[in-house]
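Enquirer: have a look at this prediction, sequence included:
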Amino acid sequence: LPDAYSTVTQIIANISDVIANGFPELLQDGQLCLGALGNDCSVKDYDLNITTGEAQNPWIQNVAMNALVAGRVMSEQTSEQYSYGGFFEERFGGLTVLSLDTIIYSVSHVPDPGGHLPPDPFGQFVWLRARLQAAAREQRSVWIVGHIPPGLSTYSFSENWHQQYLLSYRSIVEDPELGPCVAAQLFGHVHMAEIRTLPNAPHGSGPILTSSALSPIFHNNPAFTVVEYDPSSGRMVNYKIYYAELSSGSQPLVWKLGLDAVASYEVLQGALANPGFLTNTAMQELGWELARGGSEWNTYAEWYSSLVPNDLMYAGKHPLLAKNLTLQAQRSYPEHYRCGTVISTQAEFYKCTNTTNPYLYLATPAKSASDHEAARAKAWRRCGLSSPLWAGGGFQ
């Protein structure tokens, strides 16, 4: 971009304005919560200076005042906290939202600090623990939101966050005193509708989801996720995916309900019966159902990219798409994929998949569509497939 600073700021401002105008009642009632910056929400991809010792971060302060506050989607009071490190707390009745800056934990984050990574950039982990301790004392439900999810990317089966940051985060959200008040964790970045699970979450911990993308650049129809929750408890009770099929020309998008998670997955219906809301445990059970490669896997594969053909559709007991795959490849990939949805380190993933060498690891994390395709090809070879399913930027 010729003037990336101004252009990116204006893009964020434009999006803020669209959301504000699209939800006038929420705007008027002060119920909009925006501010989780993505890797492209900077002058360079994944770029954010860590300015822990300063009162404000120049780029985040610019975004706060010239895009979010100007766009009426963030209050000036919230912007004061946000301008320091890109994280903040908002309360909506009985629900507390903690919005995190996740760019600073990414393996792709720049500039490279050189030498050792700072143990707690912006003091965000200390802040997160303190806010959860307060919520636990007051018996408030907390929703954590951010852009880059912890754990692995299921495109490349390589780590999204530096391992030390992943372990620090898990030590907080898996804390037996703090974890139960975390009613949900919502992330983006991966462009697909996926589940994530914590390996050792305490009883009562909520589900973790990544949302589909409006942008179709990674072989997906435009889609978004709507989460439903009980306002009295702050607990998630369902999530639904709405999508629009891309059309040629200038025809407007027609949005339709795609997936109703509770209606589609029996294990989630069981969670609503007891304990009455969706939990990490219920999502773990769903993960095991996916690993079996049956009807749940096919449903998941359909809405993974909102009906656009994807390589999950070639796997399972009764694949949605035909391909001359070995039986080993068809049956192995669902379990391989499930291992990737567990929020784990690289070594833990290899142990889960019985991989004893870094066969699936990319030298650099996947950033582009071509990188993603190369990573998926490696994963399929590990499952017994000799030729890749991805070719020429799409499916053949």
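Expert: Yes, it's here.

Enquirer: ok, how many other residues are close to residue 245?
Expert: Residue 245: 13 surrounding residues under other C-beta atoms under 10 Å. (Glycine included, C-beta is placed from N, CA and C.)

Enquirer: how about residue 150?
Expert: Residue 150 sits with 25 neighbouring residues when counted by other C-beta under 10 Å.

Enquirer: need the contact list for it.
Expert: Shown in contact with residue 150 (C-beta atoms under 8 Å, 6 or more residues apart in numbering): 102, 105, 160, 161, 165, 166, 169, 170, 196, 343.

Enquirer: ok, and for stretch 191-199, which residues are buried?
Expert: 191, 192, 193, 194, 195, 196, 197, 198 (16 or more other C-beta atoms under 10 Å).

Enquirer: so where do the strands sit in the stretch 1-150 of the chain?
Expert: Taking DSSP state E, counting those that start in this stretch as the criterion, the stretch 1-150 of the chain carries its strands at 88-92, 95-99, 141-145.

Enquirer: wait, which of those strands is closest to residue 47?
Expert: Residue 47 lies closest to strand 95-99 among those, at 19.5 Å (C-beta to C-beta).

Enquirer: residues in contact with the top helix by length along the chain?
Expert: Longest helix in the chain by number of residues (criterion: DSSP state H): helix 4-22. Around helix 4-22, the neighbours that count as contacts under C-beta under 8 Å, 6+ apart are 1, 27, 32, 34, 40-44, 62-63, 66-68, 70-73.

Enquirer: run the last query once more with 6 Å
Expert: For helix 4-22, the surrounding residues in contact (C-beta atoms under 6 Å, 6 or more residues apart in numbering) are 1, 27, 43, 63, 66, 67, 68, 70, 71, 72, 73.

Enquirer: now the buried members of those.
Expert: With neighbours counted using 16+ other C-beta under 10 Å, the contacts of helix 4-22 contain these buried positions: 27, 63, 67, 68, 71, 72, 73.

Enquirer: need the contact list for the second one.
Expert: The neighbours of residue 63, taking C-beta under 6 Å, 6+ apart as the test, are residue 12.

Enquirer: how much space between it and residue 378?
Expert: Computed as C-beta to C-beta, to the nearest Å, the residue 63 to residue 378 distance reads 36 Å.

Enquirer: again, but for the fifth one
Expert: Residue 71 sits 42 Å away from residue 378 when distances are taken as C-beta to C-beta.

Enquirer: go on, the first one?
Expert: Residue 27 sits 46 Å away from residue 378, going by C-beta to C-beta.

Enquirer: neighbours of residue 19, just the number please.
Expert: Residue 19 sits with 16 neighbouring residues when counted by other C-beta under 10 Å.

Enquirer: repeat for the one 4 residues further on
Expert: A count of neighbours around residue 23, defined by other C-beta under 10 Å, yields 14.

Enquirer: related to what we said a few turns ago, next, the buried residues of the longest helix of the chain.
Expert: Taking 16+ other C-beta under 10 Å as the basis for neighbour counts, the residues of helix 4-22 that come out buried are 8, 9, 12, 13, 15, 16, 19, 20.

Enquirer: residue 221: which of those is nearest?
Expert: Each of the buried residues of helix 4-22 was checked against residue 221 using C-beta to C-beta; the closest is residue 15, at 19.7 Å.

Enquirer: where does the closest one land on pLDDT?
Expert: At residue 15, the pLDDT value in this model is 95.

Enquirer: mind starting the numbering at 449 from now?
Expert: Got it, first residue is 449 now, which makes that one residue 463.

Enquirer: can you tell me the closest non-neighbouring residue to residue 679?
Expert: Counting by C-beta to C-beta, 6 or more residues apart in numbering, the nearest residue to residue 679 once its immediate chain neighbours are dropped is residue 541, at 6.4 Å.

Enquirer: beyond the host helix or strand of residue 616, next helix or strand please.
Expert: Counting by DSSP states H and E, the element that carries residue 616 is helix 611-621. On the C-terminal side of helix 611-621, the closest following helix or strand by DSSP H and E is strand 630-635.

Enquirer: residue 538 contacts residue 481, correct?
Expert: Yes - under the criterion of C-beta atoms under 6 Å, residue 538 lies in contact with residue 481, with a separation of 5.1 Å.

Enquirer: shared neighbours of these two, anything?
Expert: By C-beta under 6 Å, 6+ apart, residue 538 and residue 481 have these common neighbours: residue 545.

Enquirer: just put the buried residues of helix 452-470 in CSV and tack on distance to residue 754.
Expert: What follows is the buried residues of helix 452-470, written out as CSV (distance: C-beta to C-beta, whole Å):
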residue, distance to residue 754
456, 27
457, 30
460, 25
461, 28
463, 20
464, 25
467, 21
468, 26
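
Enquirer: of these, just say which sits nearest to residue 730.
Expert: residue 467 (30.2 Å).
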